[in-house]
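J.: From the sequence below, what's the structure:
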Amino acid sequence: MTAVSALCLMAGTAMAKDYKVAVIRWEPNDIYFNGVALGQQQEAKRIQAENGDTITFNVFGANDAGQQLKALQAQFDSGVDGVLLTSWRGEAMRSIVKQLQEANIPVVTTNAWVPGVKQTFVAFDNETAGRLGGEALIKRLDTLRGKDWPEKGGVFIELRCIITASFDIARHTGYRSALDPIAAKYPGVKIVEQEAGCDGGKARKIVDDVISREGADKILGIASIDGTMGIGGAVPAFKAQDLLFPLDDPKHIPVATIDGTVPEFQSMARGEIDHISVQPATGEGIISMRMLYTLMTGKELPDEANVLLNGEEPVWAPVKVLKPEAIEGSWYQTQAYSVPGDATYDDKRNWANEMTVEQTGNMPNFGK
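T.: A predicted model of the protein is given here:
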């Protein structure tokens, strides 16, 4: 090694930095957000391999706004270089996000934004995800019961997570863009909408109550804002009342979910649910870490043409850059896709399958 090359190597090493990143997310056993974390870790490894900079994550997870706020305040007080925030209640985080920005600490929010404050937001196209699910329910009913099914009336059950959260509102808007025109045209068709907090047990009680009130033969379909309420609420409710009919049986009640977790894919393999709008968790993690690193290093955020690197062709591409009115900043939007349709439940590109391979070395067991 020459003296010049040695000096260059030493300079490169000296310039490398460790960035302390506060990660505030939903509870640690949430499958989806574990997928987001995997994507963030993958991007951190890529960054280190490329230029030597390291990322130290300090992670706190809770489905409670007060606990999240307390944890973020503690990390802010101890010193951080950047924040990756998935808030349980975005409105509860307004004040501290403002404080972080005033201290020139960049904040990247994922899944649900903090309304009315400056941030960079990364999430997939939630509204399209809902629309795809709603359209799938209608197509399944057309196939199962004939195109005159709306004339006979019935009830769609929409299971909502958190009605004030941006992701919930957008998915709800998407579902209703497909279902509302049917209900408007056919007075006998109605949509029962209930908030269940992304909780399978609460969702099951809601479905049980609607079945009891309306009658089992009146249930047209389930539009679930997430995966947990669909497979952990609607499916057990149907199973308990002998309403789980084969996919080709006219009495089958179609179920649409949004997330794309392994339990959803396994449920689909068993013939219990009909459509999954996949929310690309690892993609959300990769892009959120990429944007935060860009901000922490004082660089300009990329335009649409430069978000993805050469050779990156994920199923959730393209990444669009939007300017929503609800926040001060850019929304880096990954894309929803359908299972079945754009991919199958056992496709290796699905983030949940990718995460299982990363953790176990094998694809999930789909019961075959």
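
J.: Pretty sure Val192 sits in a strand.
T.: Yes. Secondary structure assignment places Val192 in a strand (DSSP: H, G, I helix; E, B strand; the rest coil).

J.: What is the neighbour count of it?
T.: Using other Cβ atoms under 10 Å, Val192 is surrounded by 16 other residues. Using the backbone N, CA and C atoms, a C-beta is placed for each residue, glycine as well.

J.: roughly how far apart are Asp242 and Ala74?
T.: Asp242 sits 51 Å away from Ala74, going by Cβ to Cβ, to the nearest Å.

J.: Which one of those two is surrounded by more residues?
T.: Shown here are Asp242 and Ala74; by other Cβ under 10 Å, Ala74 has more neighbours (12 against 8).

J.: And the helix or strand where that one lies, what does it pack against?
T.: Assigned by DSSP states H and E, Ala74 belongs to helix 65-78. When contacts are defined as 3 or more Cβ pairs under 8 Å, 6 or more residues apart in numbering; DSSP states H and E, helix 65-78 packs onto strand 18-25, strand 54-61, strand 82-85, helix 94-102.

J.: now the angle from it to helix 94-102?
T.: 20 degrees (axes from the mean of the first three to the mean of the last three Cα atoms, to 10 degrees).

J.: Run the chain-centre distance for helix 65-78.
T.: On the basis of Cα atoms, centre = their mean, to the nearest Å, helix 65-78 sits 23 Å off its chain's mean C-alpha point.

J.: which other residues reach it?
T.: 22, 24, 58, 60, 62, 83, 85, 87-89, 92-93, 96, 99-100, 103, 105 (Cβ atoms under 8 Å, 6 or more residues apart in numbering).

J.: Which among these count as buried?
T.: Neighbour counting over these (16 or more other Cβ atoms under 10 Å) leaves 22, 24, 60, 62, 83, 85, 87-89, 93, 96, 100, 105 as the buried ones.

J.: circling back to that earlier point, can I get the helices and strands packed on helix 65-78 in TSV with mean pLDDT and distance to Ser338?
T.: Output for the helices and strands packed on helix 65-78, formatted as TSV (pLDDT from 0 to 100; distance: least, Cβ to Cβ, whole Å):
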stretch	mean pLDDT	distance to Ser338
strand 18-25	98	26
strand 54-61	98	29
strand 82-85	98	28
helix 94-102	97	34
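
J.: Save those as JSON lines, and put in distance to Arg349 too.
T.: Output for those, formatted as JSON lines (distance: least, Cβ to Cβ, whole Å):
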{"stretch": "strand 18-25", "distance to Arg349": "24"}
{"stretch": "strand 54-61", "distance to Arg349": "25"}
{"stretch": "strand 82-85", "distance to Arg349": "24"}
{"stretch": "helix 94-102", "distance to Arg349": "33"}
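
J.: out of those, nearest to Ile287?
T.: strand 82-85 (11.2 Å; Cβ to Cβ).

J.: Quickly run through the sheet partners of that closest one, with directions.
T.: Strand pairing for strand 82-85, determined by DSSP bridges: strand 18-25 (parallel), strand 107-110 (parallel).
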